[in-house]
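A.B. asks: Give me the fold of what follows.
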Amino acid sequence: MAQRINGWVRDLMRRIRSDKGMTTSEYAVGTIAACAFAAVLYKVVTSQPVMSALQSLLKDALDAKF
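C.D. replies: Purely as a prediction, here's the structure:
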């Protein structure tokens with residue numbers, strides 16, 4: 001009985017781990033989503049309010065008294 005269960009679990013894990021059936025379009029959609037996120041993040045970080053906050057933070061860190 002234990003061998004039958006182990007065989008079933010092994011077969012199930014092999015099916016879960018398999019990349020069989022993956023298509024290039026799925027990878028392309030993931031790449032486009034990552035690029036879109038990077039573009040939005042770049043726009044946010046280079047916006048004037050965020051740049052001012054980062055500059056202020058760096059200035060305060062560099063001017064810290066020890």
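A.B. asks: Just the buried residues of the longest helix anywhere in the chain, please?
C.D. replies: For the chain, the helix that runs over the most residues, judged by DSSP state H, is helix 24-45. Residues of helix 24-45 classed as buried: none (neighbour count, 16 or more other CB atoms under 10 Å). C-beta here means a position set from N, CA and C on the backbone, and glycine is covered the same way.
A.B. asks: what packs against the lowest-mean-pLDDT helix or strand in the chain?
C.D. replies: Every helix and strand in the chain was compared by mean pLDDT, DSSP states H and E; the lowest is helix 2-17, with a mean of 79. In this structure, helix 2-17 makes packing contacts with no helix or strand, judged by 3 or more CB pairs under 8 Å, 6 or more residues apart in numbering; DSSP states H and E.
A.B. asks: Tell me which residues of it come out buried.
C.D. replies: By 16+ other CB under 10 Å, helix 2-17 has no buried positions at all.
A.B. asks: Could you identify the helix or strand that succeeds the longest helix of the chain?
C.D. replies: helix 48-62 (DSSP states H and E).
A.B. asks: So what touches the longest helix of the chain?
C.D. replies: 50-51, 54 (CB atoms under 8 Å, 6 or more residues apart in numbering).
A.B. asks: cutoff 10 Å now
C.D. replies: With contact meaning CB atoms under 10 Å, 6 or more residues apart in numbering, helix 24-45 is reached by 23, 50-51, 54.
A.B. asks: What's the separation between residue 41 and residue 34?
C.D. replies: According to CB to CB, to the nearest Å, residue 41 and residue 34 sit 10 Å apart.
A.B. asks: before we move on, the earlier item: out of the contacts of helix 24-45, flag the one nearest to residue 62.
C.D. replies: residue 54 (12.4 Å; CB to CB).
A.B. asks: The closest one: what's it in contact with?
C.D. replies: So residue 54 contacts residue 45 (CB under 10 Å, 6+ apart).
A.B. asks: quick one: it and residue 46, what's the gap?
C.D. replies: 10 Å.
A.B. asks: got it, and residue 13?
C.D. replies: Separation of residue 13 from residue 46 (CB to CB): 46 Å.
A.B. asks: gap between residue 47 and residue 56?
C.D. replies: 14 Å.
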